[in-house]
Structures are given as C-alpha cells and as structure tokens.
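Peer 1: Next come a sequence and a model predicted from it.
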Amino acid sequence: MTQHPGSPAGLSDPHDLDLFEFARSGRQAAGVVRVSQLPRMLNEVPAEAPDRDTAFTWQAEGTTQPELQDDGTEGPQPYLRLAIHGATWLECQRCMTPYLQAFDVDATYRIVNTEAEAEEFPLDEDEVEVIVGSRQFDLIDLIEDELLLSLPVVPKHEVCPEVHESLVSGVAGAEGEGDEAESDEAEEGGEPERPNPFAALESLKRGEPDDKKH
Ligand SMILES: [Zn+2]
C-alpha cells in the first residue's frame with residue numbers, strides 16, 4: 001500500500017469534508033481505510049481472525065442533477081456516489097470459525113440539507129439513498145455505515161471447512177452394509193471370521209459383488 005489513509009487523493013481530510021462543495025464542484029476522491037479505523041466494524045471481527053486489520057479501498061464522486069426545487073424553480077440537486085471494495089474476517093455462524101467476507105458496495109446518495117427534508121423524500125426509489133449533507137461531513141463514518149448495512153444477515157462460509165459429520169455418516173453406512181454381509185455368511189455356515197468393515201467397503205467401491213467368492 002503506497003496510499004496512506006490520512007492523505008487520500010484529492011481530499012484533505014475525509015472526516016471533515018464540505019459535501020455540498022464536493023458535489024457542486026464534481027470532485028472525486030479515493031483512499032484506503034483500515035478496519036482498525038472503523039470501531040463498529042471491528043466489533044464484528046472475531047478475536048481469532050488471522051488478520052483483524054484488513055483494508056478497504058473507496059472512491060467517492062460528487063455530482064449534481066438539475067431538478068425541480070420546492071420553490072418551483074429548477075436547481076442543481078447534489079448527489080454523492082460511493083464505491084467500497086475490500087474484505088474483512090467474520091465468524092461463520094455454522095461452524096463458528098473465522099472466514100473472509102468480501103464487500104463490494106456501490107451506492108448513490110441524494111444529498112439534502114436537513115433531517116426534515118430527508119424524511120420528506122419518497123423512499124420508493126430503492127437505488128438512491130438520502131443523506132443529510134454538511135460542511136463538515138465525515139465520509140469515513142458514511143463508509144462504515146454502508147459496510148455495516150452490507151453485513152450478511154447470517155455470516156457463514158459458502159462451504160464450511162469442517163467435514164466431520166459427513167465422514168461419520170459415511171462410516172455408519174458402510175458398517176450397516178457390512179452387517180448384512182456377515183449375516184449372509186452365517187446362514188451359509190461359512191467361516192466365523194469377522195470381515196473387516198473397511199475391507200467390505202473397499203470391495204463395494206471396486207464393484208466386486210460378494211457372490212464372486214462362492
Ligand atoms: Zn463455516
């Protein structure tokens with residue numbers, strides 16, 4: 001990493017950003033933020049994770065769109081687009097071991113002036129979120145909010161590394177078939193020698209029916 005989180009490109013301090021000016025001027029910024037800088041995200045990372053301080057890259061872009069304002073005139077409506085990419089360790093809720101969860105966020109926000117204005121905005125447009133802008137806007141806080149919203153409802157491996165259960169059931173199945181073979185031999189008055197269940201499994205795998213021996 002050559003980019004220091006404290007000095008992201010094109011932006012003095014992502015914790016203290018004039019969001020209205022950023023949008024009006026169509027500015028762009030990018031940076032790297034580590035999980036250790038995001039205390040609420042860090043809470044989600046299990047203590048036994050191989051790396052508790054993974055990094056996220058982010059890109060922000062300010063834009064405006066001409067829209068009809070409350071006073072009936074058309075004016076520039078500020079927007080912010082934010083992309084976040086990276087991964088963090090979470091605890092799998094199935095096997096309770098850490099796994100690496102990837103994040104790919106691409107969000108667009110309509111920037112409004114007040115909470116009241118944010119509540120007025122119709123929420124039927126799924127792809128656009130609403131944020132209250134500020135002249136001292138904390139972009140890193142917004143990045144953390146967005147990551148927390150992107151957390152899986154139930155964090156888990158796609159496929160857990162633990163395979164104990166399937167191994168156990170596999171052995172149980174082979175023993176079951178072995179028992180059948182034993183009882184057949186007993187009826188025919190064969191040797192009292194108990195066949196090794198694993199040997200029986202091997203012959204089943206090779207597709208050798210027991211009948212061949214008789
Ligand atoms: Zn798992």
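Peer 2: Thanks, I have it.
Peer 1: What parts of this protein come near the ion?
Peer 2: C92, R94, C95, H157, C160 (C-beta under 5 Å from the ion). C-beta coordinates here come from the backbone N, C-alpha and C atoms, glycine included.
Peer 1: List buried residues within these.
Peer 2: C92, H157 (16 or more other C-beta atoms under 10 Å).
Peer 1: What I need now is the residues of the chain next to the ion written out in CSV, including pLDDT and secondary structure for each item.
Peer 2: What follows is the residues of the chain next to the ion, written out as CSV (pLDDT from 0 to 100; DSSP: H, G, I helix; E, B strand; the rest coil):
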residue, pLDDT, secondary structure
C92, 96, coil
R94, 94, coil
C95, 94, coil
H157, 95, coil
C160, 94, coil
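Peer 1: Name the nearest of the residues of the chain next to the ion relative to E117.
Peer 2: For the residues of the chain next to the ion, the minimum distance to E117 (C-beta to C-beta) is 41.4 Å, reached by C92.
Peer 1: From what I see, the closest one and E158 are in contact.
Peer 2: No: counting by C-beta atoms under 8 Å, C92 does not reach E158; the two are 9.9 Å apart.
Peer 1: what do the two both touch?
Peer 2: Residues touching both C92 and E158 (C-beta atoms under 8 Å, 6 or more residues apart in numbering): none.
Peer 1: Touching stretch 69-77 from outside, list them.
Peer 2: The contact list for stretch 69-77 (C-beta under 8 Å, 6+ apart) reads R24, T64, Q65, P66, E67, L68, R110, I111.
Peer 1: Looking at these, which has the smallest pLDDT value?
Peer 2: When the contacts of stretch 69-77 are sorted by pLDDT, the bottom entry is L68 at 86.
Peer 1: got a list of what that one touches?
Peer 2: Contacts of L68 by C-beta under 8 Å, 6+ apart are E74.
Peer 1: can you list the residues of the chain next to the ion in CSV and add distance to Q59?
Peer 2: Shown next, in CSV, are these (distance: C-beta to C-beta, whole Å):
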residue, distance to Q59
C92, 30
R94, 33
C95, 35
H157, 29
C160, 34
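Peer 1: Low-confidence bits of this structure, can you list those?
Peer 2: Counting by pLDDT under 70, the chain shows low-confidence ranges at 1-11, 123-126, 162-214.
Peer 1: Mind naming the longest strand for it?
Peer 2: If you go by DSSP state E, the chain has its longest strand at strand 74-91.
Peer 1: tell me which residues in the helix or strand following it are buried?
Peer 2: Downstream of strand 74-91, the next assigned helix or strand under DSSP states H and E is strand 98-112. Burial within strand 98-112, assessed by neighbour count using 16+ other C-beta under 10 Å, is assigned to P98, Y99, Q101, F103, V105, A107, Y109, R110, I111, V112.
Peer 1: Check whether S12 sits in a helix, strand or coil.
Peer 2: Recorded secondary structure, S12: coil (DSSP: H, G, I helix; E, B strand; the rest coil).
Peer 1: Could you count how many residues lie near it?
Peer 2: For S12, the neighbour count with other C-beta atoms under 10 Å is 11.
Peer 1: From the ion, how far off is it?
Peer 2: Per C-beta to the ion, to the nearest Å, S12 is found 42 Å from the ion.
Peer 1: For that residue, give me its contacts.
Peer 2: The contact partners of S12, by C-beta under 8 Å, 6+ apart, come to none.
Peer 1: that's a strand at Q65, yeah?
Peer 2: Yes: judged by three-state DSSP, Q65 forms part of a strand.
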